[in-house]
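Asker: requesting a structural model of the entry that follows:
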Amino acid sequence: MEFIGVLVPLAPFMMVCFIVWTKHQRKLAEMQMANTAEKAAQYASHSRELEERIRVLERIVTDGGYDTALQIEALRDKREVEEQRGTTRGAAIN
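Answerer: Have a look, this model is predicted:
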């Protein structure tokens, strides 16, 4: 009986602690969901980039030998390839 006499005055404090704990748990869950959503968006973006690179490679392989080396270099550095094409075309015209 003495135990219940001690718990009754402590009940409001215990309820406040429970409310604070549940709010904290909800915030943790929201932060985890936001982090998961951000990672999913990053994976989707990375996946799209890889798919685009695969499409380019498939096009290079299936198009025949037309500027294959230059197209492969274009994947590395577009500016460098444009300069090479300009000098190659200039030499071919002269």
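Asker: which strands or helices does the strand or helix carrying Arg59 pack on?
Answerer: Element membership of Arg59 [criterion: DSSP states H and E] is helix 2-62. On a contact count with 3 or more Cβ pairs under 8 Å, 6 or more residues apart in numbering; DSSP states H and E, helix 2-62 meets helix 68-76. (Each C-beta comes from the backbone N, C-alpha and C, glycine too.)
Asker: can you show me the CA trace of the helix it packs on as CSV?
Answerer: In CSV, the C-alpha atoms belonging to helix 68-76 read as follows (Å, rounded to 0.1, in the frame of the first residue of the first chain):
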residue,chain,number,x,y,z
THR,A,68,34.9,5.3,-82.1
ALA,A,69,38.1,6.4,-80.5
LEU,A,70,36.9,10.0,-80.5
GLN,A,71,33.6,9.1,-78.9
ILE,A,72,35.3,7.1,-76.2
GLU,A,73,37.5,10.1,-75.5
ALA,A,74,34.4,12.2,-75.4
LEU,A,75,33.3,10.3,-72.4
ARG,A,76,36.5,11.5,-70.7
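Asker: and it, average pLDDT?
Answerer: Averaged across helix 68-76, pLDDT comes to 72.
Asker: in the protein, where is pLDDT below threshold?
Answerer: 1, 64-68, 77-85, 87-94 (pLDDT under 70).
Asker: got the domain boundaries for it?
Answerer: Domain assignment of the chain by automatic domain parsing yields the ranges 17-51, 63-94.
Asker: where's Leu7 relative to Phe13, distance?
Answerer: Per Cβ to Cβ, to the nearest Å, Leu7 is found 10 Å from Phe13.
Asker: list the contacts of Arg59.
Answerer: Neighbour list for Arg59: empty [criterion: Cβ atoms under 8 Å, 6 or more residues apart in numbering].
Asker: how far away from the center of its chain is stretch 13-27?
Answerer: Computed by Cα atoms, centre = their mean, to the nearest Å, the chain-centroid distance of stretch 13-27 equals 34 Å.
Asker: if you could redo that for stretch 40-48, that was the one I meant.
Answerer: The answer for stretch 40-48 is 4 Å, by Cα atoms, centre = their mean.
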